[in-house]
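[1] I would like the atomic coordinates for the input below:
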Amino acid sequence: MTDLWELERGCWEQGIGLVCGVDEAGAGPLAGAVYAGAVILPREISIAGLNDSKQVTARKRDTLFDQIREQAVAWAVAWADEKEIDASDILSARMLAMDRAIQALSPRPEYALVDGNRDHGRTAAITIPHLLAVKGDARSASIAAASILAKVSRDRYMEQMAQRYPLYEFERHKGYPTKRHYELLRKYGPCEIHRRTFLKKL
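    Prediction:
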């Protein structure tokens, strides 16, 4: 079994006290914002079922979403919207959303554990000291928690967008490039929240 506190312990051993995990959700969809979560957890806290958001059922994610917010030292959710994505690129928008989430934490972390292998795009970057961690959500409870917050927040946002733009069935595919989503795009054309730079195949 993987150690979900591996990366945090490495920081604590170096005398870094307040460590946050950060992750994003929604890099691949054709529509809507990219979301990010940032979380500082109490040391070695046990939250049953905490894991990468993609490995957890939607119902369990909803439960974890509430537990994480109740038990975290600090948490924040931020995003970069479709206009910001189109004005730069998705990598920059991901970094912008993650940095916004980190900056929104109070107390402020000294250090961030960042899921993935990128810390900057063309127009945005992670601005506090940090460690990049590939598959970080399996090695850091903080990143796993941030992953849940980002995923649930984005899914709920897309459900709201489904009510505003019912033609596109966002409640089903959350904006991802499914066959059905492409069918609806070809039929109706893009709506306000579609990422124009992602629609080259139409």
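[2] for Ala162, what are its contacts?
    By Cβ atoms under 8 Å, 6 or more residues apart in numbering, Ala162 lies in contact with Tyr168, Glu169, Phe170, Glu171. For glycine as for every other residue, the C-beta is placed from the backbone atoms N, C-alpha and C.
[3] and the residues you listed, which are buried?
    Buried by 16 or more other Cβ atoms under 10 Å: Tyr168, Phe170, out of these.
[4] want to try JSON lines for the contacts of Ala162, with secondary structure as columns?
    Below are the contacts of Ala162 laid out as JSON lines (DSSP: H, G, I helix; E, B strand; the rest coil):
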{"residue": "Tyr168", "secondary structure": "helix"}
{"residue": "Glu169", "secondary structure": "coil"}
{"residue": "Phe170", "secondary structure": "helix"}
{"residue": "Glu171", "secondary structure": "helix"}
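[5] Can you give the contact residues for stretch 76-96?
    24, 27, 31-38, 97-98, 100-102, 104-105, 118-126, 149-150, 153-154, 157, 193-198.
[6] burial of Leu64, as a residue count?
    Using other Cβ atoms under 10 Å, the number of residues around Leu64 comes to 24.
[7] cool, Gly49 as well?
    Gly49, neighbours per other Cβ under 10 Å, totals 14.
[8] From what I see, it and Leu64 are in contact.
    Yes - contact criterion Cβ atoms under 8 Å: Gly49 and Leu64 qualify, at 6.2 Å.
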